[in-house]
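>>> here are the coordinates; sequence isn't available:
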């Protein structure tokens, strides 16, 4: 028993904190991280997996100059968050690797979203749309049954166990018989192959009928429509005989909610030039219609802004002003207890605040082209994204991956065109992005840069894409840094609870 | 109400430890092993007992072949069906209480850590062969409807192969029982061990693993073991790889509170796969008593840090509980997460608590807190 109590005493000789440091001397090792100024006082440090620290200006310099002392709280913050290490290789490097793999795991399953442009026919003549045709001639601008078959068969070859079949137009409901055909065929194939199938129809809802709704209900179809804002703004943007696009859409939303349920109906807004003066009214409209989400989508560059750097940048600045004003208004609703999420911010915030993968086709790296989305046009041509086919409507077939009549799955998804695009679709390896603090929150967009700068890689200093995303990300970080309540609201947005 | 788990009398005819259920029914006809509990050893007492436990003061004369422990101070703490181990020295230790939800098997008193606040300080003696023998006897005797069972130490993983033997025995004998294993997780840094545990596919088993800081130096200091943080976090990752069920346990005291919110963020960012996170008030026993000055913090003084940490994790959809803290010390928004966590045999309430309108919702205190080692702010709620 004596030896036992001896040992007890040894146990009780507790050691102090300093005995547990693994640092050999005052030096420490840098892990990969990037940084940017948030404003004149603060800067943000972002590590390799997107974890951030907001710190006083000059901190990055102090870190690099090895001036952070072990006694500082920041020293522990930097170590715990994988910014510095006491050893050349951090002992938990496998944790960092797993987290990196997790962040990029949206790539694991390959293409999910398969867009079918069923028809270019439309009874709307929205001024920002480059694709719709007002015509009765179905044969000229509708997808053939043969193309539908081939597109669906290609979709089923995707390695992804979850595939989304999305109908676009024109107005796809004008070719409803083709939707019925495609849904039945896709469902039967999905059953055979054990795939989960999601179906979306993007529609202005004007041609919506009870029969169509019944079909949507039977097949669990999600309706995605457009609301640009209050009636006068919406109807001015979205021209239609009778000037009643808004009324038709709202009626359609109400009826669809009744039949399909609230969660099966969503709306998107497009920010046209005239929308820029109505940030508050647009947000109010979404609240009035009972939506819990609003997506403040910027002006598409595939029309007026194309290859016009000065105008493009001006438009981006105006959009940012609009965006911030609208976001402020959305935050005000949240402060009052109305849960309204801005979808674009929420996508970025999920990348900033969570350890999970965020695969959003327009803001990911590698980009969503091919990896996440592919589009089958009405005429059987295959494009790398929705924007890619808009370019095609302007006689630019750069992002055409092939033709449903001619090409195999391998030709389309692993062919020379895909290879060419792949050279430019990772911001990790793009000049101006590779050392950007916001790299892990942002994406690469070869289509945008080709369209606006004539080069898939693009040139960051006057890229509207870069200008917009840099500022939105900086702004979101600054809001969180300044106000704990905003951080709490943002946390709710990304947590789905 | 605290409960007695150990009594001692004078043993006769016991050469090695005996394990068995207890009964007061002298007519028990069964092939199972029972100890008869009786105040007086009747000469007519017969049956298939493995022994007799009695409070009788003098050595019984009859039943000469039957093992006996006499001159036991009390038997009243033992219920019909409780399981005890009786030693040649006359110790009668309760291993399993039929009426309790807090039954725990102590697998060893050895540990590879030496935590500053350990309520049950480790002992460096080779107790493993005895405990393994003991539990191999005990586990088949446990009632099949046992709802929850804890495994603890020391560090259970030090049992090595025997740990897995016991787990397999538990899994086959008690398939319906929720098992909760307290381990520091350090040995799971060896991925083959995590794989072995994962391969058991023991879905009712959950590992409770402590993590005291997001910064290695503070965690290592708290557990008094260099490299422990790295081992534990690596272990957590290895366990997650095999889809094991994990709970993170955080003891709240002066060393853990300053970085508590950062630890919560670390858990969500790096360990989002854990099923449950328990924030635990300090039990003022063992080393915690010797390190009182270094560790003790009144819960009222860490309300802010705890609230921020809990609300952060809740918002992220994590599952959180608070243990061992009294309702009157915490803001109302935390009450939904506060559990009655203190094992019944060491659970008390203060005199002040007797008139509290929320007494039945409150987990009360550790018996060890009775003599002043509790918050100064404990106050009855008036109805």
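Received the coordinates, thanks. Being a predicted model, the structure only gives us computed values, none of them experimental. Residues are numbered from 1 along each chain as shown, chains lettered A, B, ... in the order given.
>>> which stretches in the stretch 151-300 of chain A count as strands?
Using DSSP state E, counting those that start in this stretch, the strands of the stretch 151-300 of chain A run over A:162-168, A:196-202, A:222-226, A:265-270, A:293-294, A:296-297.
>>> which among those strands is found nearest to chain B?
strand A:293-294 (18.4 Å; Cβ to the nearest Cβ). Heads up, the C-betas are built off the backbone N, CA and C, glycines and all.
>>> pLDDT of the closest one, averaged?
Here strand A:293-294 scores 96 as its mean pLDDT.
>>> any regions of the chain where pLDDT drops low?
Looking at chain A here, since you left the chain open. Applying pLDDT under 70 to chain A flags the ranges A:1-12, A:300-314, A:496-497.
>>> try again with chain B
B:1-3, B:27-32, B:42-47, B:62-64, B:383.
>>> residue in the stretch 101-250 of chain A with the shortest distance to chain B?
residue A:102 (9.0 Å).
>>> Three-state assignment for that residue, please.
helix (DSSP: H, G, I helix; E, B strand; the rest coil).
>>> turn the strands of the stretch 151-300 of chain A into CSV, including mean neighbour count.
Below are the strands of the stretch 151-300 of chain A laid out as CSV (neighbours: other Cβ atoms under 10 Å in any protein chain shown):
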stretch, mean neighbour count
strand A:162-168, 22
strand A:196-202, 19
strand A:222-226, 20
strand A:265-270, 20
strand A:293-294, 20
strand A:296-297, 21
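>>> name the helices or strands packed onto the helix or strand hosting residue B:129?
Assigned by DSSP states H and E, residue B:129 belongs to helix B:128-138. Secondary-structure packing of helix B:128-138 (3 or more Cβ pairs under 8 Å, 6 or more residues apart in numbering or on different chains; DSSP states H and E): strand B:18-23, strand B:83-86, strand B:91-96, strand B:104-106, helix B:161-173.
>>> would you turn these into CSV with mean neighbour count and distance to chain A?
Listed next are the helices and strands packed on helix B:128-138 as CSV, based on neighbours: other Cβ atoms under 10 Å in any protein chain shown; distance: least, Cβ to the nearest Cβ, whole Å:
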stretch, mean neighbour count, distance to chain A
strand B:18-23, 22, 25
strand B:83-86, 23, 21
strand B:91-96, 20, 16
strand B:104-106, 19, 17
helix B:161-173, 17, 23
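>>> can I get those in TSV including distance to residue A:441?
Putting these into TSV (distance: least, Cβ to Cβ, whole Å) gives the following:
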stretch	distance to residue A:441
strand B:18-23	61
strand B:83-86	58
strand B:91-96	54
strand B:104-106	47
helix B:161-173	44
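>>> so which of these gets nearest residue B:356?
Checking those against residue B:356 by Cβ to Cβ gives strand B:104-106 as the closest, at 28.4 Å.
>>> show me what the closest one pairs with in its sheet, parallel or antiparallel.
If you go by DSSP bridges, strand B:104-106 pairs up with strand B:148-152 (parallel).
>>> taking strand B:91-96 as reference, get the angle to the strand it pairs with.
Between the axes of strand B:148-152 and strand B:91-96, defined by axes from the mean of the first three to the mean of the last three Cα atoms, to 10 degrees, the angle is 130 degrees.
>>> would you mark the buried spots in strand B:148-152?
If you call a residue buried by 16 or more other Cβ atoms under 10 Å in any protein chain shown, then strand B:148-152 has these buried ones: B:149, B:150, B:151, B:152.
>>> which parts of the stretch 201-350 of chain B are helices?
Under the criterion DSSP state H, counting those that start in this stretch, the stretch 201-350 of chain B contains helices at B:216-223, B:228-241, B:260-270, B:287-290, B:292-295, B:303-315.
>>> is it true that residue A:155 touches residue A:166?
No - at 10.4 Å, residue A:155 does not count as touching residue A:166 under the criterion of Cβ atoms under 8 Å.
>>> need the residues of chain B near chain A, please.
B:114, B:116, B:121-125, B:213-218, B:220-221, B:224, B:226-227, B:230, B:233-234, B:237, B:259, B:262, B:266, B:268-270, B:272, B:287, B:290-291, B:312, B:315-317 (Cβ under 8 Å from any Cβ of the partner chain).
>>> out of these, which end up buried?
By 16+ other Cβ under 10 Å, those give B:114, B:116, B:121-122, B:213-218, B:220-221, B:224, B:226, B:230, B:233-234, B:237, B:259, B:262, B:266, B:268-270, B:272, B:287, B:291, B:312, B:315-316 as buried.
>>> closest point of the stretch 51-200 of chain B to chain A, which residue?
residue B:124 (4.8 Å).
>>> contacting residues for residue B:366?
By Cβ atoms under 8 Å, 6 or more residues apart in numbering or on different chains, the contact set of residue B:366 is B:283, B:284, B:285, B:324, B:342, B:346, B:347, B:348.
>>> quickly list what it is bridged to.
residue B:347.
>>> picking that back up, run through who's touching the helix holding residue B:129.
The contact list for helix B:128-138, computed with Cβ under 8 Å, 6+ apart, reads B:17, B:19, B:83, B:85, B:95-96, B:105-108, B:110, B:158-159, B:162, B:165-166, B:169.
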